[in-house]
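> No letters, just coordinates:
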């Protein structure tokens, strides 16, 4: 795996565990903007961070080979869709 | 009654969209056209429709109801976790499913599993479990439709009739429009809800004198202050709940929807914008559900709060029937509608009711997915397509759409309230437990059909065990648990007010660990598929990623 790949994998793992925000577990204050409890606000920001990470994944690690494989196959390749009972020998 | 009329007008519009799609498709005689819209959806329809498909009665009514009873934890439990994990699974698995579908002509996940593991009847077993798990999700949509229409009409439209209307309208446009009609309706519904959801927040916020005052009122009351924190929620439960969004990509309607994109590049915008759409929808819904606790001037909400307080008091003289009645009364699935009725002007309440109805009716994709699976994985696979031709294949799919809608409606009439609980306990946990199927099929060469069968049997067995346990042991009062299996003083399995816990975690955690282990162990003990089959899925000269 490339260095970028390792960094992105670490970022995904970190965001997974950052979801468990035990540091805001028992507190409602401060109320952000006067009405959003801090725990609620944290998870709203978490959603924005998720969007940012998705952008990074697409920008830096888009699996373009999958698209190339699919586009070069002008017709469905042999083997699928799966054979029905009684016709497996013809298919495979 | 005016809001109800607006909702009925809305139902007419979506019906028209479905029939327009039918005309556009020229009747859609071919299976790929009817079931997958010819794999031709553009990027914006793909994004909005995929999001709309996930935005169901559960999202709107269930999340607000859950937040009403449980507070801010609702957003962390389901929304922020989904904002991260759903696009991540689309990136990791959705793109691969799309690629394989395009290469091999798959129309359902079961076709892929059958081909990947060289199996037949095991694929049918996967179909059976997936179909069984999908039905509750369809049922909650019909229940949500009944609840919504009944509430916006002030009780003039009874619950049974509201559910019937929703089931009939969804059935009609899925019947005629297939995937194209479903995608267009979902796109329309998503736009509608995004627009009117913002209006709901504004009107209610202004009407109650501002949200800061409402929050201060909640904090000043010892009974409601904990709703603004997570002090009543065990961290272990919260942690295990993070596994639930993994179920999304395993829902057949989502994996089938991944096959409809014209190009793989259309996933890009969907993956990036999905978390933002979650934020835009879930934050208002959960926040309004939480804020409803401060709206004691709404009589229906006040009686819900009284019922909850009576339950929390834990009176010992309360009979099971009385407790069940109080639980029904305290359920918050309709709090958003009650707030709109009370605070929004009549015309806006109607439009917002239509917006809620838009979300409630997202069962269309599930109904179509079940129909696609039945037609492709059972009817066509067992010779129906060859014997009767492709046109009959599509007609069979349409017939199945009707049957599913009727069955869902019949169940919805009998099912108890609590949209959120039903969905989570059965559909979401079950599909998360099936996750090793997809991971192994796409990433592990050595996986076998027997490993897949073990996963399916484990999922069926554990889901049945949870259902039986919850039927036999009644739910305890809020704030208490009933030990079911204790070992050396340690509570292994407990019955909680919301369901079941294993060592304090949701059952989905041990269920997923079990299915993962079974996939690995059973696969290693059984012969792998032929090398030629494996080579088609894992080409020896596999190119590396290309940045793009």
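Sure thing, it's come through. As the structure is a prediction and not an experimental result, all values here were calculated from the model.
> I'd say residue B:45 and residue B:185 touch.
No. Residue B:45 is not in contact with residue B:185 according to C-beta atoms under 8 Å; the separation is 10.8 Å. Just so you know, the C-beta spots here come from the backbone N, C-alpha and C atoms, and that holds for glycine as well.
> Report the mean confidence score over the longest helix anywhere in chain B.
Identified as the longest helix of chain B according to DSSP state H is helix B:159-207. Average pLDDT, helix B:159-207: 81.
> Are that helix and chain A in contact anywhere?
No. Helix B:159-207 is not in contact with chain A by C-beta under 8 Å from any C-beta of the partner chain; minimum separation 8.7 Å.
> following that helix, which helix or strand comes up?
helix B:211-220 (DSSP states H and E).
> Which of residue B:45 and residue B:185 has more residues huddled nearby?
Between residue B:45 and residue B:185, residue B:185 has the larger neighbour count (other C-beta atoms under 10 Å in any protein chain shown), namely 29 against 21.
> ok, that one to chain A distance?
Counting by C-beta to the nearest C-beta, to the nearest Å, the separation of residue B:185 from chain A is 26 Å.
> from what I can see that residue touches residue B:364, true?
Yes. Contact criterion C-beta under 8 Å: residue B:185 and residue B:364 qualify, at 6.4 Å.
> Between those two, which contacts overlap?
residue B:173 (C-beta atoms under 8 Å, 6 or more residues apart in numbering or on different chains).
> what's around residue 6, how many residues?
All of this refers to chain A. Residue A:6, neighbours per other C-beta under 10 Å, totals 10.
> please go with chain B instead
Residue B:6: 20 surrounding residues under other C-beta under 10 Å.
> Can I take it that it is in a helix?
Yes. Judged by DSSP: H, G, I helix; E, B strand; the rest coil, residue B:6 forms part of a helix.
> now it, nearest residue through space, not along the chain?
Excluding the flanking residues, the one nearest residue B:6 by C-beta to C-beta, 6 or more residues apart in numbering or on different chains is residue B:350, at 3.0 Å.
> Let's verify that neighbour: helix, strand, or coil?
Classification of residue B:350 into helix, strand or coil gives helix, according to three-state DSSP.
> Next one: it from residue B:205, what distance?
Residue B:350 sits 20 Å away from residue B:205, taking C-beta to C-beta, to the nearest Å as the criterion.
> out of these two, which sits in the busier spot?
Neighbours were tallied for residue B:350 and for residue B:205 using other C-beta under 10 Å; the higher tally belongs to residue B:350 (23 against 19).
> Tell me if I'm right that the more buried one and residue B:149 touch.
No. Look at residue B:350 against residue B:149 with C-beta under 8 Å: they stay out of range, at 11.7 Å.
> Residue B:392: neighbouring residues, count only.
16.
> Confirm it sits in a strand?
No. Counting by three-state DSSP, residue B:392 is not found in a strand; it is helix.
> Excluding chain neighbours, what is closest to it?
Closest residue to residue B:392 apart from its sequence neighbours, by C-beta to C-beta, 6+ apart: residue B:384 at 7.3 Å.
> how far out from the middle of the chain is the longest helix of chain B?
Distance of helix B:159-207 from the chain centroid (C-alpha atoms, centre = their mean, to the nearest Å) equals 15 Å.
> between it and helix B:211-220, how many degrees?
110 degrees (axes from the mean of the first three to the mean of the last three C-alpha atoms, to 10 degrees).
> show me what contacts residue B:509?
Counted by C-beta under 8 Å, 6+ apart, residue B:509 has contacts B:240, B:243, B:502.
> So what does it look like in phi/psi?
phi -70, psi -60 (degrees, to the nearest 10).
> Next, the contact list for residue B:264, please.
A:66, A:67, A:70, B:95, B:98, B:99.
> so how far is chain A from residue B:280?
As judged by C-beta to the nearest C-beta, residue B:280 and chain A stand 9 Å apart.
> Would you write a PyMOL line that selects the buried entries of the contacts of residue B:509?
Listed next is the PyMOL selection for buried residues among these, using 16 or more other C-beta atoms under 10 Å in any protein chain shown:
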select buried, chain B and resi 240+243+502
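> where in the stretch 301-450 of chain B is pLDDT low?
Applying pLDDT under 70 to the stretch 301-450 of chain B picks out residues B:359-362, B:415-425.
> Please repeat the previous calculation with a cut-off of 90.
Counting by pLDDT under 90, the ranges of the stretch 301-450 of chain B that qualify are B:301-372, B:375-376, B:379-429.
> Chain A now?
For chain A, the ranges with pLDDT under 90 are A:1-2, A:67-92.
> at 80 instead, please
Along chain A, segments meeting pLDDT under 80 span A:1, A:71-92.
> ok, how many other residues are close to residue B:75?
Residue B:75: 31 surrounding residues under other C-beta under 10 Å.
> That one contacts residue B:81, doesn't it?
No. Taking contacts as C-beta under 8 Å, residue B:75 lies outside contact range of residue B:81: 9.5 Å.
> need the contact list for residue A:44.
So residue A:44 contacts A:36, B:75, B:80, B:279, B:283 (C-beta under 8 Å, 6+ apart).
> Now with 7 Å, please.
B:279, B:283 (C-beta atoms under 7 Å, 6 or more residues apart in numbering or on different chains).
> where does it fall, helix, sheet strand or coil?
Secondary structure assignment for residue A:44 (three-state DSSP): helix.
> what separates it from residue B:198, distance-wise?
Residue A:44 is 15 Å from residue B:198, by C-beta to C-beta.
> need the residues of the stretch 1-150 of chain B near chain A, please.
B:72, B:75-76, B:80-81, B:83-84, B:87-88, B:91, B:95-96, B:99, B:102-106, B:111, B:114-115, B:120 (C-beta under 7 Å from any C-beta of the partner chain).
> If we use 6 Å, what do you get?
The stretch 1-150 of chain B comes close to chain A at residues B:72, B:75-76, B:80-81, B:83-84, B:87, B:91, B:95, B:99, B:102-106, B:111, B:114-115, B:120, as judged by C-beta under 6 Å from any C-beta of the partner chain.
> Now do the contacts for the most centrally placed residue in chain A.
Centroid-nearest residue in chain A: residue A:54, 6.6 Å away (criterion: C-alpha atoms, centre = their mean). Counting by C-beta atoms under 6 Å, 6 or more residues apart in numbering or on different chains, residue A:54 touches B:87, B:271, B:272.
> Wasn't it part of a strand?
No. In this structure, residue A:54 is helix, not part of a strand, as judged by three-state DSSP.
> Phi, psi for whichever residue of the stretch 351-500 of chain B sits closest to chain A please.
Per C-beta to the nearest C-beta, the residue of the stretch 351-500 of chain B with the smallest distance to chain A is residue B:381, at 5.0 Å. Backbone torsions for residue B:381, taken as degrees, to the nearest 10, come to phi -60, psi -40.
> Near it, how many other residues are there?
24.
> From residue B:10, how far off is it?
Remark: distance between residue B:381 and residue B:10 (C-beta to C-beta) = 38 Å.
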